[in-house]
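Engineer: with the input below, show me the fold.
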Amino acid sequence: MVSTNTRYITKIGMLSAIAVILMFFEVPLPMMPIFLKLDVSELPAIIGAFVFGPMAGVAIEFIKNLLHATNTQTMGIGEVANFLVGVAFVLPAGYLYQSYHSHKGAVIALVVGTFSMMFLASVLNYFILLPVYQAVLHFPLEQIIHMGTIANPQIVDLKSFIALAIAPFNMIKGIVMSLLTLMIYRKLCGVLCER
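Structural biologist: As a prediction, the model looks like this:
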C-alpha cells in the first residue's frame, strides 16, 4: 500500500511538472513591453497551496523554476524573479484559504494574493530585479524603459515603467490566475484530495 507521504510527494511532483509545461506557453499582452508575457504556470501552485497548504505551493514554485532554469535565457534571474513573485501570490493566498476554507474564503485569499503579487513584483523590480538584470546581463535600464515606451508612450522612466507595466501586468496575471482557480479548483480537488 502506498503511504500518504508518497502520494503527497507524487501529487506535488505532478503539479510541478504541469507548471513547468505551462511556463512555456506565453502570451504577450497589449500595451505591455514585449518581454512581459502572460503564462498560467502559477495555476498548479495555487491549486497545490489550496489543497495541500501554502508550503506545497511554494514547493511547486521552487521545483517549477529550478527545472525551467535548465532552459534559461536570463542566467537564472528570470526564474528567481518568477519564484519570488509566484510565492508572493501563493503564500498569502494559501494561508488565508487554510483559515477560511470556503468559496468566499477562496475569493478573499485570491484577491489578497493578487495584490501581494502586484506590490512585491513592483518593489522587487524597482529595487532589485531590474538593477540585477542591468548589472549581470549588461542590459541597460534605458533600453528596458525604451521597450516600455514602445508599448506605452506614457512610460518615460523607471517609476512610470513600474506603475504602467510591472504593476498592471501582475494585476492582470493575478486576476487570470484567480478566475481559473475558481473555475477548476473544486473539480481538481476531488482528484487531488483522494487518499
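
Engineer: what is the neighbour count of the nearest residue to Leu129 once chain neighbours are set aside?
Structural biologist: Distances taken as CB to CB, 6 or more residues apart in numbering place Ala81 nearest to Leu129, at 5.0 Å, with adjacent residues excluded. Every C-beta, even on glycine, is put in place using the N, C-alpha and C of the backbone. By other CB atoms under 10 Å, the residues close to Ala81 number 20.

Engineer: then Tyr100?
Structural biologist: Other residues near Tyr100 number 14, with proximity taken as other CB under 10 Å.

Engineer: which residues of this protein fall in helices?
Structural biologist: With DSSP state H as the criterion, the chain has helices at 4-23, 42-52, 54-68, 77-99, 103-124, 130-137, 141-151, 158-161, 167-192.

Engineer: nearest residue to the most centrally placed residue in the chain in space, please, no chain neighbours.
Structural biologist: Nearest to the geometric centre of the chain sits Gly86, at 3.2 Å (CA atoms, centre = their mean). Nearest residue to Gly86 in three dimensions, chain neighbours excluded: Glu61, at 4.2 Å (CB to CB, 6+ apart).

Engineer: contacts only, for that neighbour.
Structural biologist: Glu61 makes contact with 19, 42, 45, 82-83, 86-87, 90, according to CB atoms under 8 Å, 6 or more residues apart in numbering.

Engineer: mind putting these in a markdown table, pLDDT and distance to Tyr97 included?
Structural biologist: Formatted as a markdown table, the contacts of Glu61 follow (pLDDT from 0 to 100; distance: CB to CB, whole Å):
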| residue | pLDDT | distance to Tyr97 |
| --- | --- | --- |
| Ala19 | 96 | 18 |
| Glu42 | 95 | 14 |
| Ala45 | 97 | 13 |
| Asn82 | 94 | 22 |
| Phe83 | 96 | 20 |
| Gly86 | 97 | 16 |
| Val87 | 97 | 15 |
| Val90 | 97 | 10 |
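
Engineer: returning to that earlier point: now the residue nearest to Leu129: how far from Leu36?
Structural biologist: Counting by CB to CB, to the nearest Å, the gap from Ala81 to Leu36 is 11 Å.

Engineer: cool, and Asn125?
Structural biologist: Note on Asn125: its distance to Leu36, by CB to CB, is 10 Å.

Engineer: of those two, who's got more company?
Structural biologist: Asn125 (23 against 19).

Engineer: measure that one to Pro33 for me?
Structural biologist: In this view, Asn125 and Pro33 are 12 Å apart by CB to CB.

Engineer: Leu141 now?
Structural biologist: 13 Å.

Engineer: between those two, which has more neighbouring residues?
Structural biologist: Neighbour count, other CB under 10 Å: between Leu141 and Pro33, Pro33 has more, with 23 against 14.
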